[in-house]
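Q: pasting the sequence and the predicted coordinates here, then a few questions.
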Amino acid sequence: MFIATLIAEGLSSGQLDAAADRLAAAGCEPGAWRWLDEGVAADLPFGAKPDAARAVLEGAFAGADVIVQVEANREKKLLVADMDSTMITVECIDELADYAGIKPQIAEVTERAMRGELDFAEALDARVALLKGLSETAIDQCLEERVRLMPGAEVLVKTMRARGAHTILVSGGFTRFAEPVGTQIGFDRRIANVLEIEDGVLTGAVARPIVDSGTKEATLLGATAELGLAPEQTMAVGDGANDLAMIRKAGLGVAYHAKPIVAAAAGARIDHGDLKALLYAQGIARAAWVLR
């Protein structure tokens, strides 16, 4: 069996009836829909043609996110997540560049790298080189003034951990951000790049090896093996091109408010809601969430 989960504030029974009709017309053999949380999220079980189901449901209801997946193992035991623009609302290197007065120059390169137009490692080296001489105090200032958690981040991670899942934050950004952010959100492990600093200023270099797309994929696969999980028990979420490899290898790979290249390739997309949608995708209703 398969499950289509619809998530939207103000979701109506009429929309769910219409969704079931769409599934029936596409030959997907729908069953009776059921609320996860009334007016917010619901499940529609069906028996066939998941690709057709996704095609007829995605974009059919304004403001609604739709996740189609196999019903078995929908609750995941491993979460591997990107940080910038996924678990937090900003790109840290862009904000850090603002303290050096070069944000537009660096942000343009970041955007191109996240769209998959540039080699990630080369783009990272080029951007960090421009930060040479910046005081390391700017990192703490940026963390305090600019970095904000993505809505739903703490609820997602803490709820999954409370239910026995292992959670890993793996970022192409920097440890000076990922460590405090990951700790606050509640991740079991935090992996990121190390900015080289001497005499209190950035040297303009990043320590090797660089955390990149390959690192993210290897982290997912390694943790899956280490924990003795099947691939179907894993979830990966991110927004940029360097997240694609892990998204493709996860049991549920999610493009979160993502660049077009990622949204097109991912098995699931969240375009409208926040990270709590990933709890609904696992069939976890609000009554079971860890809210603090």
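A: Thanks, I have the structure now.
Q: correct me, but Ala107 touches Leu96?
A: No - between Ala107 and Leu96 there is no contact under CB atoms under 8 Å: 10.9 Å. For the C-beta atoms, the positions are set from N, CA and C on the backbone; glycine is no exception.
Q: comparing the two, which residue is more hemmed in?
A: The neighbour count for Ala107 versus Leu96, taken as other CB atoms under 10 Å, is higher for Leu96 (29 against 17).
Q: any idea how far Gly164 is from the more buried one?
A: Look at Leu96 and Gly164: by CB to CB, to the nearest Å, they are 36 Å apart.
Q: for Gly214, same thing?
A: Distance of Gly214 to Gly164, computed by CB to CB: 28 Å.
Q: who has more neighbours, those two?
A: Shown here are Gly214 and Gly164; by other CB under 10 Å, Gly214 has more neighbours (15 against 8).
Q: ok but that one is inside a helix, no?
A: Yes - Gly214 forms part of a helix when assessed by DSSP: H, G, I helix; E, B strand; the rest coil.
Q: tell me the contacts of it?
A: The contact partners of Gly214, by CB atoms under 8 Å, 6 or more residues apart in numbering, come to Ala245.
Q: in its sheet, what does the strand of greatest length in the chain sit against?
A: Longest strand of the chain, by residue count under DSSP state E: strand 166-174. Sheet pairing of strand 166-174 (DSSP bridges) gives strand 78-81 (parallel), strand 189-193 (parallel).
Q: of these, which stretch is the most buried?
A: Most buried of the strands paired with strand 166-174 by mean neighbour count (mean count of other CB atoms under 10 Å) is strand 78-81; its value is a mean of 28.
Q: starting at the chain centroid, how far to that one?
A: In terms of CA atoms, centre = their mean, to the nearest Å, the centre of strand 78-81 is found 9 Å from the chain centre.
Q: got the contact list for it?
A: With contacts defined as CB under 8 Å, 6+ apart, strand 78-81 is touched by 87, 156-157, 160, 165-170, 187, 216, 219-220, 223-224, 227, 229, 233-238, 246, 250.
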